[in-house]
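1. My questions concern the predicted model and sequence given below.
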Amino acid sequence: MTHGLSLHFLGAAGTVTGSRSLLEAGNQRVLIDCGMFQGLKNLRRRNWEPFPVECSSLSAVLLTHAHLDHSGYLPRLARLGFSGPVYASSATVDLARILLLDSAGIQEADAAFANKHQLSSHAPALPLYTIADAERVLKQFRRVEPGDWVEFLPGWRARWNSAGHILGACSIEVEHAGRRVVFSGDIGRYDDPIMIDPEPIRRADYLVLESTYGDRLHTEERPLEILHDLITRTAQRGGTVVIPAFAVGRVQLLLWYLYRLRGSGRLPANLPIYVDSPMSTDVTDIYRDNSRLLKQNYTELQAAFQMPRYVRDVQESKALDITRMPKVIISASGMATGGRVLHHLKHYAPDSRSTILFAGYQAAGTRGATMTSGAATVKIHGEYIPIRADVHHLSMLSAHADADELVRWLQGFETAPNCCFLNHGEVQAADTLRLRIKDELGWSVFIPEHLEKFSLP
Ligand code: ZN
């Protein structure tokens, strides 16, 4: 029995969020990643549109990693009737539990806030999903061991391979009826101090490749030197360094660098370092427990992760904006789209002695993108806040491979795939990478549109 295999792009086409790719053969449907759309409002609206296929008809979901733009729609999928298994690496399962429950909590709180203040044009405002939906889908998770083939459905098998990026992140090879389709997931950086290098993949009949930094190269500047310089100068003029950071990966990398600086006596004596994000605290525990998957050993990571003061209590978090003492505050979210960091930005962005340090990708439409583009004000909680602090963007602290590193990963393939599809990138980034892969590797490359479907002969 043979059925034509097809590939359907249900998200992350021409944009960096909402990663959802569907493989179909006969009545078998396998979804690779199940991300939430984030950033611009017309993208976020897609989270509310009907799912393009009947959710109960999906046989399985395979997850590359835990980031919400790859996993954050799962509770909604379950709410709409998906009851099949979700396969992911063990560390991804642990991280997804934290991220999905947090996301559900935010959805519930936002809906409650909108109802209380009658902000929604829909009455009553509903959450996209609830904590109960997240709990339900978390029960559907199955842990896989990277490197082993898993027969997840009759006639289908898949293998997860480490992609660097964040703890547990993998590329996935999916095989059906003799054809192999590879999904890169998000590819990490080479020579990262904590994460291991992305593993090469040797063969694909079809490849779906991310293109987040397809038109950019990270600077060669050394993060330790820059952090040392910025923190020292800010502390000398009596300011505070606020670092909006992604709870998964960026907080841990920053702690590693700050630990190195402190260890070599290059941070001002007694300069307090705070991690003000309960989710980052929980995620850091999972990084420590999984140190065998990381480059540094348990003892070193333990010391780095024990260095800061973790702030759980809301009152203590507020107190950080009252004390005048120079300090470093690391707080989520990484693109300043929500979380406790907003309160610190409201307080410290107007302070010309202070420094705001963004680490990692800033998607269009986020406060992070506004602030790093040099805007004079930023809107927080309905108020326009003047920006007088120094604002810096350390893109080399990104968890994403740049264009050179993506091409380096492609060079691991022994032969060209029949077609390489580029997703997970803004249009400009994807198109620049398309030309580069075509010219340098001679591959056939295609950029799919949202909801475009291809048969894979
Ligand atoms: Zn990611």
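-> That came through fine.
2. residue ranges of the strands in the stretch 51-200 of the chain, please?
-> All strands of the stretch 51-200 of the chain, identified by DSSP state E, counting those that start in this stretch, fall at 60-62, 86-89, 141-144, 149-153, 156-162, 170-176, 179-183.
3. Y190 - nearest residue in space that isn't next to it in sequence?
-> If the residues on either side of it in the chain are set aside, Y190 comes closest to D197, at 5.0 Å by Cβ to Cβ, 6 or more residues apart in numbering. Where you see a C-beta, it was placed from the backbone N, CA and C, and this is true even at glycine.
4. Would you enumerate the residues in contact with the one you found?
-> With Cβ atoms under 8 Å, 6 or more residues apart in numbering as the criterion, the residues that contact D197 are G164, G188, Y190, D191.
5. and these, which are buried?
-> Using 16 or more other Cβ atoms under 10 Å as the burial test, the contacts of D197 include G164, G188, Y190 as buried.
6. Can you give the domain ranges for this structure?
-> By the assignment in automatic domain parsing, the chain contains the domains 6-216+399-455, 223-397.
7. among those domains, which is nearest the ion?
-> With Cβ to the ion as the criterion, the ion lies closest to domain 6-216+399-455 of the domains of the chain, at 3.6 Å.
8. about what we covered before: export the contacts of D197 as a markdown table, with columns for distance to the ion.
-> Written out in a markdown table, the entries for the contacts of D197 read as follows (distance: Cβ to the ion, whole Å):
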| residue | distance to the ion |
| --- | --- |
| G164 | 11 |
| G188 | 9 |
| Y190 | 16 |
| D191 | 19 |
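9. Surely K379 is within a strand?
-> Yes: with the criterion set as DSSP: H, G, I helix; E, B strand; the rest coil, the secondary structure at K379 is a strand.
10. can you pull up the bridge partners for it?
-> According to DSSP bridges, the residues that bridge with K379 are Y384.
11. count of residues packed around it?
-> If you count neighbours by other Cβ atoms under 10 Å, K379 ends up with 11.
12. Let me know the distance separating it from K346.
-> For K379, the distance to K346 equals 11 Å [Cβ to Cβ, to the nearest Å].
13. Find residues that contact each of these two.
-> Any residue near both K379 and K346 by Cβ under 8 Å, 6+ apart counts here, and that gives I385.
14. what about the chain, any weak spots by pLDDT?
-> Along the chain, the parts satisfying pLDDT under 70 run over 1-3, 120.
15. what's the single longest helix in it?
-> Taking DSSP state H as the criterion, the chain has its longest helix at helix 90-116.
16. Can you show me the helices along this protein?
-> With DSSP H as the definition, the chain shows helices at residue ranges 41-44, 68-71, 74-79, 90-116, 131-138, 223-236, 250-263, 278-289, 298-306, 314-319, 341-348, 367-372, 403-410, 427-441.
17. List the contacts of the nearest residue to V93 once chain neighbours are set aside.
-> Of all residues beyond its chain neighbours, the one nearest V93 is F141 (4.9 Å), with distances taken as Cβ to Cβ, 6+ apart. Contact criterion Cβ under 8 Å, 6+ apart gives P85, V86, Y87, A88, V93, A96 as the residues in contact with F141.
18. Tell me if I'm right that the second one and L63 touch.
-> Which is V86. Yes: at 6.2 Å, V86 counts as touching L63 under the criterion of Cβ atoms under 8 Å.
19. Could you work out the end-to-end span of stretch 300-315 for me?
-> Across its full length, stretch 300-315 reaches 31 Å between end residues, using Cα to Cα, to the nearest Å.
20. what comes into contact with that stretch?
-> Stretch 300-315 is contacted from outside by 194, 252, 255-256, 258-259, 262, 272-278, 281, 284, 287-288, 291, 294, 296, 317, 320, 330, using Cβ under 8 Å, 6+ apart.
21. can I assume A359 is in contact with V241?
-> No: because the distance of 11.5 Å does not satisfy Cβ under 8 Å, A359 is recorded as not touching V241.
22. who touches R180 in this structure?
-> Shown in contact with R180 (Cβ under 8 Å, 6+ apart): E173, V174, R203, A204, D205, Y206.
23. got the buried ones among the contacts of D197 as TSV, with distance to E24 columns?
-> What follows is the buried ones among the contacts of D197, written out as TSV (distance: Cβ to Cβ, whole Å):
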residue	distance to E24
G164	30
G188	29
Y190	35
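24. hang on, the earlier thing: tell me the bridge partners for the residue nearest to V93.
-> Note on F141: beta-bridge partners V86, judged by DSSP bridges.
25. measure it to E300 for me?
-> Note on F141: its distance to E300, by Cβ to Cβ, is 30 Å.
26. Can you report how many residues neighbour R46?
-> A total of 17 residues lie near R46 under the criterion other Cβ under 10 Å.
27. Leaving out chain neighbours, which residue sits closest to it?
-> The shortest distance from R46 to any non-neighbouring residue, by Cβ to Cβ, 6+ apart, is to F37 (4.6 Å).
28. Let me know whether that neighbour touches R20 as I believe.
-> No: F37 is not in contact with R20 according to Cβ under 8 Å; the separation is 9.4 Å.
29. list residues touching both of those two?
-> Common neighbours of F37 and R20 (criterion: Cβ under 8 Å, 6+ apart): G11.
30. Residues of the stretch 101-250 of the chain that sit close to the ion?
-> By Cβ under 5 Å from the ion, the residues of the stretch 101-250 of the chain that approach the ion are D186.
31. Try it again at 8 Å.
-> By the rule Cβ under 8 Å from the ion, the part of the stretch 101-250 of the chain lying against the ion is H165, I166, A169, G185, D186.
32. okay, those in TSV with distance to D390 next?
-> Output for these, formatted as TSV (distance: Cβ to Cβ, whole Å):
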residue	distance to D390
H165	29
I166	28
A169	32
G185	34
D186	29
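33. Mind checking which of those residues are buried?
-> Buried members of these, counted by 16+ other Cβ under 10 Å: H165, I166, A169, G185, D186.
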